[in-house]
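K.L.:
structure, please.
(2 chains)
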Amino acid sequence: MVTVVSAVALVGLEASRVVVEATHSQGLPGTRIVGLPDTAVREAAERIRSAARRSGLGWPEDRVTLNLAPAALRKSGAGFDLPMALAVLGATGKVPREALVDLWAVGELGLDGTVRPVPGILPMAAAARDAGARLLLVASAAAVEASLVEGLEVVPVDSLAEAAAVLQGEQAARDVVATPAVVTSGAPDLADVRGQTVARRAVEVAAAGGHHLLLSGPPGCGKSMLAERMAGVLPPLSMDEALEVAAIHSVAGVRAPDAPLSLVPPFRSPHHTTSAPGLVGGGSGVGRPGELSLAHRGILFLDELLEMPRWVLDALRQPLESGHVRIVRTQAAVAFPADVLLVAATNPCPCGNLGSTSQACRCAPDRVERYRSRLSGPLSDRIDLQVELRPVDPDRLVGPGDGEPTAAVAARVAAARAVAAERWGPGTLNRSVPPAAVRATCHAGAVRALASAVEQLALSARSFDRALRVARTIADLAGDATVSTDHVDEAVAYRLATRLAAT
Amino acid sequence: MTATDGRWRSVAAPGTDPDLLAAVVRRLRDVGPATLAREARDHAASAGGDPPATVLRRVVPPVLPTGERDDEVAGTWAGLGVRVALVGDPGFPARLAVGWPGTGGPPLLAVRGSLAPHDGPAVAIVGARRATSYGTGVAAWLAESAAAAGAVVVSGGAVGIDAAAHGAAADHGTVVVLGCGHDVAYPRPHTVAGGLFERVLAGGGALVSEHLPGAAPVAGHVRARNRIVAGLADVVVVVEGGPRSGALVTAGYAADAGVPVLAVPGDVRRPGSAAPHLLLREGAEPCTSPDDLLAALSLAAPVGPDGAAPAVSTTLPPAVHRVLAGAWPRPLRLDALAEQAEVPAARLLALVTRARVAGEVAEGADGIRLTRAPR
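P.N.:
As a prediction, this is how the structure comes out:
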């Protein structure tokens, strides 16, 4: 007699159904798991046997065979414990077989029968719903996350005994208490930032169009302050976007499974010693999402950008362009979305004091040149907004903040994004629109002005289309349907700010 | 019988003997410029009264035939279009050939571009690489005014003050004295396509070097080239420099040769003002406007608006132009400019781009300034 329970295998963000079959037959006592299990899955034999016995559900005294199908797919992780235990209980008749029809289960078992959550519940639950699951059994701690998926009945269980009782009909399934989504970010207010009118404008344009931003200036001039406040300027995520973000965080294990869904765009600020795999994703086995993917649909803030090794910086180039990271390993190729707004901050020179009015720069001119050249041309070209900051006059630091509050800026940003979404389709930012489409919305004179500026100021050819996209955002902020020369000229200015002129 | 092939003949400047040139190059490669200069000086001291060309002919052993590596040197020069003149030859600046006690002028000068016959007035504008925008602004102002009045601007090829002077006067043809071989890309930003050196050559100027191809810009070479900068000028102006700046070396060579030295006063609290203030204390004339410089050169200011920004800008609104003119030649941060001219940041950024394209403002690390002196 064979009983069947459904489980989920996760490769990257891709969840697929795994059928767990259990049978027991005459032979020496023992448990055998087949179907390409990894070590964690093979070790499950000890956990599920102990869990079943300690829960008073008994374990067959003969030979138990568990098969995980499809056999060609590598199964990893402890999430198969619960479905395997339930399949065996079905085979021994401790759980009625009709209760196992279209039953999905995900969870790790303790030796005493406790059910524990595993990472990646959200994409697993979505896959179960799409495959027509009737019921999904998960650990109580993971139920909130699983119930974010609509159209699926989620049953939280604390132990194997409770799972068996629910399936036997002896105990009613508990309801999942839904928590409302978090909508307000804890980001500090822009009103705290004094002066820096140019940088504030750049922050607004960056947020409205999703353009990457580089803030350069001596220590203490407010680079990090502005970057941290940018998170509050971005409009909240849509429900679908929030689920997408939560799924990535769930797979990476950085999200508490009982945390409510957050509509706040993620803000990630990895340290400058982060390795290339840590930043773009990777690691052993199938590979985990990196900081770039964890910041998907939000902000990736890289402080001290030029302190990062060159090869780490260059690894950012392709994902910034395409909006996703593809990691190929011998076992599998996985793609993680990585549609981020990059905000980078850097000192103007190695000692940090170049351009400072109070501290003298101690760097040799050649050294400054080498330091800046670390921001390779191709990466620098992709950062559309570059601004130089200087410390604010100490006199202005006294008294109340004089800056515009976050709410006012966020309102303009939301309006500009709405205009762009109406033109290009929902969720599409000016950052990722094809150049030809942007050009079609530009005044002919504006394109000519840009061409002459690119030639006169010796900008790269790539910067032409990128400046046009920024100009589109500036026009959206102004509420203009057509991009004019004024918008183009402002866009070009952001490319020049950090370039030290020769004369 | 001559040892040299056509390559040496094409590299030698008009009036320079290709055979002797090949021999000098071999000697320079064998013993280095310092030894050659000492030999020439010793010989001049004993013989007395010989012109430098004769001295050179005496101390350099003839080389027959030239070797492969000698020809490689000639090939590199020929490839860059460099013509080489020996001291005392018609193509060699006469004022450099005189030399001065203790130093010894260069035995040869490799010239790329056209080195105008140096009988006209020339001014050396020198200063720190790590210049402030105030310094580069003043250097550009002085260089442009001097060039417009008919003087040739001479300077090193470094970033900072040197580059500002060349950049402002490039269209009139300036002379860049390199501290390395012609084929060495230093400083890199100036050697790229469209860089400063290309602009100088396109403007009818010249790059000159006393070094063989491949010579690196080591500190000794760069300091030594300052004697050529000073030697080519009628007046030396020091704009900015630290207490141990190479600009002081240039001023020292100039003082030894009886060339007047002017110094531009700077911000008393900036370390970059040390060199000009030291010179002022030692008796250098202060240079506070192009008029001071032109007076030292005995030149009259040109009539007409050349060299000064018009009172009204074609791209900037009056309010912005007025604030920039008030700060000139100091630069203004965009934040400060937006505040003082009461223009929103977005509009100001658009205006600045337009003014940059029109060449009316220059942007540096400390902000933007008008490229020309306001009237």
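
K.L.:
quick one: low-confidence residue ranges for the stretch 51-200 of chain A.
P.N.:
By pLDDT under 70, the stretch 51-200 of chain A contains no weakly predicted segment.

K.L.:
what residues go with each domain of chain A?
P.N.:
A:3-168, A:190-423, A:433-503 (automatic domain parsing).

K.L.:
format those domains as TSV; extra columns: mean neighbour count and distance to B:L196.
P.N.:
C-beta coordinates here come from the backbone N, C-alpha and C atoms, glycine included. Converted to TSV, the domains of chain A look like this (neighbours: other C-beta atoms under 10 Å in any protein chain shown; distance: least, C-beta to C-beta, whole Å):
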stretch	mean neighbour count	distance to B:L196
domain A:3-168	20	51
domain A:190-423	20	14
domain A:433-503	20	6
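
K.L.:
tabulate these in JSON lines, adding columns for distance to chain B.
P.N.:
JSON lines is the format used below for the domains of chain A (distance: least, C-beta to the nearest C-beta, whole Å):
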{"stretch": "domain A:3-168", "distance to chain B": "40"}
{"stretch": "domain A:190-423", "distance to chain B": "4"}
{"stretch": "domain A:433-503", "distance to chain B": "4"}
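
K.L.:
so which residues on the stretch 201-350 of chain B come close to chain A?
P.N.:
B:270-271, B:333-335, B:338-339, B:344-350 (C-beta under 8 Å from any C-beta of the partner chain).

K.L.:
can you read off the pLDDT for B:A40?
P.N.:
For B:A40, the pLDDT comes out at 80.

K.L.:
wasn't it part of a helix?
P.N.:
Yes: using DSSP: H, G, I helix; E, B strand; the rest coil, the assignment for B:A40 is a helix.

K.L.:
that one: neighbour count?
P.N.:
B:A40: 22 surrounding residues under other C-beta atoms under 10 Å in any protein chain shown.

K.L.:
please point out which parts of the helix or strand where B:A74 lies sit buried.
P.N.:
Using DSSP states H and E, B:A74 falls within helix B:68-80. For helix B:68-80, burial by neighbour count (16 or more other C-beta atoms under 10 Å in any protein chain shown) applies to B:D70, B:D71, B:V73, B:A74, B:T76, B:W77, B:A78.

K.L.:
distance of the second one from B:G32?
P.N.:
Here B:D71 is placed at a distance of 20 Å from B:G32 (C-beta to C-beta, to the nearest Å).

K.L.:
distance check, A:A451 against A:G445.
P.N.:
A:A451 is 11 Å from A:G445, by C-beta to C-beta.

K.L.:
most centrally placed residue in chain A?
P.N.:
A:L294 (2.7 Å; C-alpha atoms, centre = their mean).

K.L.:
that residue and A:V251 touch, don't they?
P.N.:
No: with contact taken as C-beta atoms under 8 Å, A:L294 and A:V251 are classed as non-touching, separated by 9.9 Å.

K.L.:
okay, and the common contacts of these two?
P.N.:
Here A:L294 and A:V251 have no joint contacts, going by C-beta atoms under 8 Å, 6 or more residues apart in numbering or on different chains.

K.L.:
related to what we said a few turns ago, from the buried residues of helix B:68-80, which single one is nearest chain A?
P.N.:
Set against chain A, the nearest of these by C-beta to the nearest C-beta is B:T76 (24.1 Å).

K.L.:
what segments of the stretch 201-350 of chain B are helices?
P.N.:
B:219-231, B:246-256, B:274-281, B:290-296, B:318-327, B:334-341, B:345-357 (DSSP state H, counting those that start in this stretch).

K.L.:
can you put those in JSON lines and add mean pLDDT and mean neighbour count?
P.N.:
Output for the helices of the stretch 201-350 of chain B, formatted as JSON lines (pLDDT from 0 to 100; neighbours: other C-beta atoms under 10 Å in any protein chain shown):
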{"stretch": "helix B:219-231", "mean pLDDT": "89", "mean neighbour count": "21"}
{"stretch": "helix B:246-256", "mean pLDDT": "91", "mean neighbour count": "23"}
{"stretch": "helix B:274-281", "mean pLDDT": "95", "mean neighbour count": "21"}
{"stretch": "helix B:290-296", "mean pLDDT": "92", "mean neighbour count": "19"}
{"stretch": "helix B:318-327", "mean pLDDT": "92", "mean neighbour count": "19"}
{"stretch": "helix B:334-341", "mean pLDDT": "91", "mean neighbour count": "20"}
{"stretch": "helix B:345-357", "mean pLDDT": "91", "mean neighbour count": "24"}
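
K.L.:
okay if I get these as TSV plus distance to A:A87?
P.N.:
Output for the helices of the stretch 201-350 of chain B, formatted as TSV (distance: least, C-beta to C-beta, whole Å):
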stretch	distance to A:A87
helix B:219-231	79
helix B:246-256	83
helix B:274-281	84
helix B:290-296	93
helix B:318-327	77
helix B:334-341	68
helix B:345-357	65
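
K.L.:
mind checking those helices for the one nearest to B:A146?
P.N.:
With C-beta to C-beta as the criterion, B:A146 lies closest to helix B:290-296 of those, at 5.8 Å.
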